[in-house]
Each structure stands twice: as structure tokens, then as C-alpha cells.
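A.B. asks: Fold the following and give me the result.
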Amino acid sequence: MPRPRSPQVIERAVKVYKILEEQGGRITTPELLKIVLSKGIANSYSLLHHTLMVLENAGFVKHERVKGKAEWYITKKAAEDEVRVALSSR
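C.D. replies: All right, here's what the predicted structure looks like:
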């Protein structure tokens with residue numbers, strides 16, 4: 001059985017999800033990384049990538065490769081609390 005997600009991972013995922021919502025469409029990983037770094041949400045690409053994979057595995061976001069870059073988009077609309085509950089129950 002996998003270990004539970006830490007509160008830090010869950011809160012980071014909620015913040016990244018909010019950014020994706022605010023962007024209103026598709027956003028590439030490099031563009032998202034710039035925003036996340038400027039807001040102090042994550043301090044590396046690998047941390048952002050892990051967070052995006054957590055959201056993708058939970059069914060909230062997906063990505064597609066476009067011209068060699070991953071574009072992320074929301075697949076399931078949810079309030080912050082819904083994201084938080086879904087991620088903490090896995």
C-alpha cells in the first residue's frame with residue numbers, strides 16, 4: 001500500500017491546479033514552471049513535474065505533446081476543497 005501524500009504535496013497540487021484554472025486553457029511545462037517559480041510554489045522542474053503527475057493520476061489534468069513540449073490542461077473541474085479531499089484520500 002502506498003504511503004499517504006504529505007500535506008505539502010497536496011497543498012502544492014492545489015496551488016498548481018489553481019494556476020491552470022487561471023490560465024484558462026493549455027499551458028506548456030516551461031510556461032507553467034516560470035509562474036510556479038515566481039510564486040514560490042515549487043523550486044525545481046522535478047518538483048513541478050511530480051505535482052503535475054499527482055494531479056494527472058487523480059484525473060484532474062492531462063497532458064499532450066505538442067512540438068516537443070508537454071501542454072497541460074484541466075480535465076475535471078473542481079473546487080479547491082474537492083481537489084484537496086481527492087488527493088488526501090489516495
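A.B. asks: Only alpha carbons, please: show stretch 23-36 as CSV.
C.D. replies: Taking Å, rounded to 0.1, in the frame of the first residue of the first chain, the C-alpha atoms of stretch 23-36 are listed here in CSV:
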residue,chain,number,x,y,z
GLN,A,23,-4.6,30.3,-17.3
GLY,A,24,-7.9,29.0,-18.8
GLY,A,25,-6.7,26.6,-21.4
ARG,A,26,-3.5,24.8,-22.3
ILE,A,27,-0.1,25.8,-20.9
THR,A,28,3.3,24.3,-21.6
THR,A,29,5.5,23.0,-18.8
PRO,A,30,8.2,25.7,-19.3
GLU,A,31,5.5,28.4,-19.1
LEU,A,32,4.0,26.8,-16.0
LEU,A,33,7.4,26.5,-14.4
LYS,A,34,8.1,30.2,-14.8
ILE,A,35,4.8,31.0,-13.0
VAL,A,36,5.4,28.4,-10.3
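A.B. asks: For that stretch, buried residues please.
C.D. replies: Across stretch 23-36, burial judged by 16 or more other C-beta atoms under 10 Å covers 27, 28, 29, 32, 33, 35, 36. (Glycine included, C-beta is placed from N, CA and C.)
A.B. asks: now, which of these lie within helices?
C.D. replies: When DSSP state H defines the helices, the subset of the buried residues of stretch 23-36 inside them is 29, 32, 33, 35, 36.
A.B. asks: hmm, back to that, may I see the buried residues of stretch 23-36 organised as TSV, with pLDDT and distance to residue 10 added?
C.D. replies: Listed next are those as TSV, based on pLDDT from 0 to 100; distance: C-beta to C-beta, whole Å:
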residue	pLDDT	distance to residue 10
27	96	21
28	96	24
29	95	21
32	97	18
33	97	20
35	97	19
36	98	16
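A.B. asks: any idea which of the residues you listed is the one closest to residue 46?
C.D. replies: Using C-beta to C-beta, residue 33 comes nearest to residue 46 of those, at 10.5 Å.
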